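Trainee: Could you work out the structure for the sequence below:
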Amino acid sequence: MREDERLSPALWGVLTLLFLALFINYIDRGALSIAAPIIKEQFGMSPGKLGVLLSAFFWTYASFLLISGWLADRFDAGYVLAAGFFVWSVATLFTGVLPGFAGLFAMRLLLGAGESTAYPCFSNLLVRHFPERHRGFANAFISVGIAAGPAFGLLLGALLMGRFGWRPYFIGLGCAGLLWLPLWLAKMPRRAVTAGATEGQAAEAGPRMSDILRRRSAWGTFLGHFGGNYLLYCLLTWLPYYLVRERHFSLQRMGRIGALAYLLMACVAVISGAASDRWIAAGRSETFVRKAMMGTGQLVGGIFLVACAMAGPELAVTFLLVASAAFGMNASNIWAITQTLAGPRAAGRWTGLQNFVGNLAGVAAPAVTGFAVERTGNFVWAFLITGVISILGATSWVFVLGRVEPVQWSSAGARADGSPIVSR
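Mentor: Modelled structure (predicted):
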């Protein structure tokens, strides 16, 4: 496929199924936060204990990313994704079946392990089958699932949990998710030579994880991703509780506001992803465009989340919507940067490492937010911490990350954007 060709119908089909996978992924991981106000009362949990339960997913999600990154590069990423999808769908189903706190906790751990396959496999599949000039839009299209999943989950979840209870909702989610698998197995691309690569290049061994860790550009993506994820996971896990308990909105209004926030995020992701590709095609450097999008998104998101904590109820909703929309600029460009830097030989490993560091925020944000709310009785300090960390992540994208251009890997570990961080 030449660089100047449009995406084929087959690749559009693959892209649509990858979007649906991430859409289901985020519905499943966010479902517990929608049920959090109900579960807290049913099990008599403190905010701190609820925060630990909400963060349990990320304990295994972050740690298994290293394994999933290796698996995506070593084996056919399509089959690795299918296996992970099956595991996380089963975990969602049994969340609604198993009794007690221990059962919920165990299924959250299993859910994290299964969902860890998603991003490393996405990156491997995109870098092998999609030309570079389309990856900004392709990543943005898939990343709509980050926002559309929680938006749909909030609307549907608030309605169905209010009518049928939270356990039937989880059982239904798990069963519905399994319908994706036969479609993927029939339509997924088979492992082949990367678009634009030669057979010899495809056969070369990829770099070691230690080679990636020695790059300044890698740490720019790791730390920037952590800052953005801290904001995302604070919202993903605590937004329903914040709107119901802090702002005293009904479950139904909470669902509408939360859905609107995520839908704005999705719209901005698609628009900024397509705009970044067009901007680059018009002659601006990929380094400038991608870094400008990432830095602006996380800076604006952090500032307005802090403002949300200080404002009255109605103004706080406006600030919350602005913060959520700004994160869409992050979602559309983050993996385009990583895929360009890593190339086909390291896309899975780099994505696994980056997502591991980035998703340590998923361990920290729910727990720190829970303990801050328990200690202070409100979300002011929790949102202040989140906003500052998001802003620090923006500085990493702008100042720590070097040029956005492919790393020339070699068996000894090639130079990325200058000399390695440490010398031998």
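Trainee: I'd like to know how far the residue most central in space within the chain sits from Ile334.
Mentor: Nearest to the geometric centre of the chain sits Ile146, at 6.2 Å (Cα atoms, centre = their mean). Distance, Ile146 to Ile334, by Cβ to Cβ, to the nearest Å: 10 Å. Any C-beta I mention is one placed from the backbone N, CA and C, and that applies to glycine too.
Trainee: tell me the average confidence for stretch 251-267?
Mentor: On average, the pLDDT along stretch 251-267 is 83.
Trainee: buried set for it?
Mentor: Buried residues in stretch 251-267, counted by 16 or more other Cβ atoms under 10 Å: 251, 254-266.
Trainee: for these, which one is nearest Pro189?
Mentor: Taking Cβ to Cβ as the measure, Pro189 sits nearest to Ala266 out of the buried residues of stretch 251-267, at 24.7 Å.
Trainee: In terms of helices and strands, where is the closest residue to the closest one other than its chain neighbours?
Mentor: In this structure, Ala266 finds its nearest non-sequential neighbour in Ala147, 3.7 Å apart by Cβ to Cβ, 6 or more residues apart in numbering. Using DSSP states H and E, Ala147 sits in helix 135-164.
Trainee: Rounded mean pLDDT for that helix, please.
Mentor: Here the average pLDDT along helix 135-164 is 80.
Trainee: From the chain's centroid, how far away is that helix?
Mentor: 12 Å (Cα atoms, centre = their mean, to the nearest Å).
Trainee: now stretch 328-348
Mentor: 12 Å.
Trainee: what is the mean pLDDT for that stretch?
Mentor: The average pLDDT within stretch 328-348 is 84.
Trainee: same question, stretch 28-35
Mentor: 85.
Trainee: how about low-confidence regions in the stretch 1-150 of the chain?
Mentor: Scanning the stretch 1-150 of the chain for pLDDT under 70 picks out the ranges 1-5.
Trainee: redo that, cut-off 90
Mentor: 1-12, 26, 29-59, 61-63, 65-66, 69-70, 72-76, 96-104, 119-120, 122-150 (pLDDT under 90).
Trainee: Give me the helices and strands touching whichever helix or strand comes after the helix holding Ala147, please.
Mentor: Downstream of helix 135-164, the next assigned helix or strand under DSSP H and E is helix 166-177. Helices and strands touching helix 166-177, by 3 or more Cβ pairs under 8 Å, 6 or more residues apart in numbering; DSSP states H and E, are helix 9-43, helix 77-95, helix 135-164.
Trainee: which residue ranges form the helices in the stretch 201-350 of the chain?
Mentor: Here the stretch 201-350 of the chain has its helices, by DSSP state H, counting those that start in this stretch, at 209-213, 216-241, 251-281, 286-310, 313-342, 347-358.
Trainee: Please name whichever of the ones you listed is nearest to Leu401.
Mentor: Nearest to Leu401, of all the helices of the stretch 201-350 of the chain, is helix 216-241, at 2.9 Å by Cβ to Cβ.
Trainee: pLDDT of the closest one, averaged?
Mentor: Mean predicted confidence for helix 216-241 is 91.
Trainee: What of stretch 171-190?
Mentor: The average pLDDT within stretch 171-190 is 91.
Trainee: Tell me the gap between it and the middle of its chain.
Mentor: For stretch 171-190, the distance to the chain centre is 20 Å (Cα atoms, centre = their mean).
Trainee: and if you look at stretch 149-166?
Mentor: The answer for stretch 149-166 is 21 Å, by Cα atoms, centre = their mean.
Trainee: who touches it?
Mentor: With Cβ atoms under 8 Å, 6 or more residues apart in numbering as the test, stretch 149-166 has contacts from 22-27, 30-31, 34-35, 38-39, 96, 168-169, 172, 236, 240, 251-252, 254-256, 258-263, 266.
Trainee: Next, count neighbours for the residue nearest to Ala309 when sequence neighbours are not counted.
Mentor: Among residues not flanking Ala309 along the chain, Phe383 sits closest, at 3.7 Å (Cβ to Cβ, 6+ apart). Phe383 sits with 28 neighbouring residues when counted by other Cβ atoms under 10 Å.
Trainee: contact partners of the helix or strand hosting Phe383?
Mentor: Element membership of Phe383, judged by DSSP H and E, is helix 380-395. By Cβ under 8 Å, 6+ apart, the surrounding residues in contact with helix 380-395 are 223-228, 230-231, 234, 238, 294-299, 301-303, 305-306, 308-310, 361, 365, 368-369, 372-373, 375-376.
Trainee: Where does the nearest residue to Ser46 once chain neighbours are set aside sit, in terms of helix or strand?
Mentor: Excluding its sequence neighbours, the residue lying closest to Ser46 (Cβ to Cβ, 6+ apart) is Glu374, at 6.1 Å. Element membership for Glu374, per DSSP H and E: helix 360-376.
Trainee: Which one of the helices of the stretch 201-350 of the chain lies nearest to Ala113?
Mentor: Ranking those by proximity to Ala113 (Cβ to Cβ) places helix 347-358 first, at 13.1 Å.
Trainee: what does stretch 396-409 contact?
Mentor: Here stretch 396-409 makes contact (Cβ under 8 Å, 6+ apart) with 204, 206-207, 211, 215-217, 219-221, 223-224, 227, 285-287, 290-291, 294-295, 298, 337, 340-343, 345-346, 414-418.
Trainee: And that stretch, end to end?
Mentor: 23 Å (Cα to Cα, to the nearest Å).
Trainee: hmm, back to that, give me the buried entries from the contacts of stretch 396-409.
Mentor: By 16+ other Cβ under 10 Å, the contacts of stretch 396-409 give 206-207, 211, 215, 217, 219-221, 223-224, 227, 286-287, 290-291, 294-295, 298, 337, 340-343, 345-346, 416-417 as buried.
Trainee: Off-centre distance for the helix or strand that contains Met107?
Mentor: Secondary structure assignment for Met107, by DSSP H and E: helix 100-115. Put simply, helix 100-115 sits 19 Å off its chain's centre (Cα atoms, centre = their mean).
Trainee: ditto for stretch 358-367
Mentor: 12 Å.
Trainee: my guess is Trp350 meets Ala218, correct?
Mentor: Yes. In this structure, Trp350 is within contact of Ala218 by Cβ atoms under 8 Å, at 6.8 Å.
Trainee: Comparing these two, which shows the higher neighbour count?
Mentor: Shown here are Trp350 and Ala218; by other Cβ under 10 Å, Trp350 has more neighbours (31 against 27).
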